[in-house]
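Participant: make a model of this:
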Amino acid sequence: MSILLLAIAIFVMTRIYKKVMNSLLRLLEDQMSNFNDFQKMINSLNKEKLSDLCEEFLTNHEAAMNILFKYCSEFGLIFDSQEIKDNMTIMHKNGDFDNIVCFGIELSENQLYKKFHPS
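Facilitator: Numbering: from 1, shown residues only. Below is the predicted model of the structure:
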């Protein structure tokens, strides 16, 4: 009788484990898809818009976030501010903005930028 209960418990625990793992995998896939969509949106912007956005981030962070919300919306994406920050951070770490000119200097050459966004 106790072997039967143990077998049932193992069966139930295995099913629960599989459901949890599948949920976690779907969440991870959604996050990657969201990042990929965000990256496509950023890459669709021309260098002038990206330069303006960079300068806006340095002078008025809230306005820059509003611009990003607008760009996302126009691209059919909906992100909250934390998701935008997380996606921007990933792109910074990947060096996606190194060739963007901000106040006349490419970010890859800007010592202050490199200090806060080491590659």
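Participant: identify the residues contacting Lys47.
Facilitator: Asn99, Ile100, Val101 (CB atoms under 8 Å, 6 or more residues apart in numbering). For glycine as for every other residue, the C-beta is placed from the backbone atoms N, C-alpha and C.
Participant: kindly recompute the last result at 7 Å.
Facilitator: Shown in contact with Lys47 (CB atoms under 7 Å, 6 or more residues apart in numbering): Ile100.
Participant: pLDDT value on it, please?
Facilitator: For Lys47, the model assigns a pLDDT of 91.
Participant: tell me how far it lies from Glu74.
Facilitator: 18 Å (CB to CB, to the nearest Å).
Participant: what's the answer for Ser44, then?
Facilitator: 10 Å.
Participant: please apply the same query to Glu56.
Facilitator: For Glu56, the distance to Glu74 - CB to CB - is 16 Å.
Participant: those two: which has the busier surroundings?
Facilitator: Glu56 (18 against 10; other CB atoms under 10 Å).
Participant: which SSE is that one in?
Facilitator: Using DSSP states H and E, Glu56 sits within helix 47-59.
Participant: next, the buried residues of the next helix or strand after that helix.
Facilitator: Later in the chain than helix 47-59, the nearest helix or strand by DSSP H and E is helix 61-74. Residues Ala64, Met65, Ile67, Leu68, Phe69, Tyr71, Cys72 are the ones in helix 61-74 that count as buried (16 or more other CB atoms under 10 Å).
Participant: ok, residues contacting helix 61-74?
Facilitator: Against helix 61-74 from outside (CB under 7 Å, 6+ apart): Met41, Leu45, Leu53, Glu56, Phe57, Ile78, Phe79, Ser81, Ile84.
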